[in-house]
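>>> Coordinates only, no sequence provided:
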């Protein structure tokens, strides 16, 4: 027997993997999705969604992608996995994502290929949209200027390409590297931590989808989860996942406040310990090592993600 059997669960309810069926549409997530859908449906050009670490940006990015019908959109999700990428690599990657065959190495030829592909997408009645996750890693003026140039690709009726950036708050500073681009942001939205009420609803939602016949967390335990996680979904998952396991080990039918506090302390999440769920950290590699990265290896990694 494991903790799933003990609590009568059909699957792990609090995995931090982005499982689409576990998506929880809080009030603000619903508002964010509605606004982002409006931005891409109207081809506004550039929309930006920011949030602290673990706020659910990647989950929302995937949800947005799932909500874009293939009949109406040529859409792609590009995850930035290293801050050392070049503008040329980024341009080529966007071209590949949008269906350009054998992108040229020379920039002008590549831009011509991309423009022709975008025109074909437009003539087919579709809209081209690229979602950029971990966009705070795009931190050079050259890259920002490249995005501004891509947003200039248009026909008389509308823009040919729209972008949605998902990233940490420092993305706002990166946009200022090219002020004309910063001025073209058509929509901004910030994900805030979940309230205590939303935290409880989130926990109940995930347990229900995992097949739980009841909620093993006491009301005081749920309140403790909220305090220790500060309403950050990723930390809520981590706390609840560990609590279920510890409860199973102790053969506890109910998970109480003391157990949550003990788990939080073990994870370094106890209130007042100075650990902030929203602490800024991009995970970027040092800029002085950027020239040593293997862009071909990044290409292979991104290809594996799409399989």
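Thanks, I have it. None of these values were measured; they are calculated from a predicted model.
>>> need the strands for the stretch 151-300 of the chain, in chain order.
Ranges of strands within the stretch 151-300 of the chain are 154-155, 158-159, 161-167, 185-191, based on DSSP state E, counting those that start in this stretch.
>>> Can you say which of those strands is packed in most?
For these, the largest average neighbour count (mean count of other CB atoms under 10 Å) is found in strand 161-167, namely a mean of 26. No exception for glycine: its C-beta is placed from N, CA and C like everyone else's.
>>> ok so, going back, dump the strands of the stretch 151-300 of the chain to a markdown table, plus distance to residue 224 and mean pLDDT.
Rendered in a markdown table, the data for the strands of the stretch 151-300 of the chain read as follows (distance: least, CB to CB, whole Å; pLDDT from 0 to 100):
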| stretch | distance to residue 224 | mean pLDDT |
| --- | --- | --- |
| strand 154-155 | 53 | 90 |
| strand 158-159 | 48 | 90 |
| strand 161-167 | 30 | 97 |
| strand 185-191 | 23 | 96 |
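>>> pLDDT score for residue 293?
If you check residue 293, the pLDDT there is 52.
>>> One more: residue 270?
68.
>>> and if you look at residue 184?
Confidence at residue 184, expressed as pLDDT, is 94.
>>> likewise residue 274?
At residue 274, the pLDDT recorded in the model is 42.
>>> Show me the one of the strands of the stretch 151-300 of the chain that comes nearest residue 109.
Set against residue 109 and scored by CB to CB, the strands of the stretch 151-300 of the chain come closest in strand 161-167, at 18.0 Å.
>>> what is the orientation angle of the closest one with strand 185-191?
30 degrees (axes from the mean of the first three to the mean of the last three CA atoms, to 10 degrees).
>>> Given strand 161-167, what are its sheet partners and their directions?
strand 46-51 (parallel), strand 127-133 (parallel) (DSSP bridges).
>>> Go through those strands and name the closest to residue 63.
Ranking the strands paired with strand 161-167 by proximity to residue 63 (CB to CB) places strand 127-133 first, at 10.4 Å.
>>> picking that back up, could you redo the strands paired with strand 161-167 as TSV and give each row distance to residue 167 and mean neighbour count?
Listed next are the strands paired with strand 161-167 as TSV, based on distance: least, CB to CB, whole Å; neighbours: other CB atoms under 10 Å:
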stretch	distance to residue 167	mean neighbour count
strand 46-51	6	24
strand 127-133	8	24
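>>> Can I get the strands of the stretch 151-300 of the chain in a markdown table including distance to residue 55?
Formatted as a markdown table, the strands of the stretch 151-300 of the chain follow (distance: least, CB to CB, whole Å):
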| stretch | distance to residue 55 |
| --- | --- |
| strand 154-155 | 33 |
| strand 158-159 | 28 |
| strand 161-167 | 10 |
| strand 185-191 | 4 |
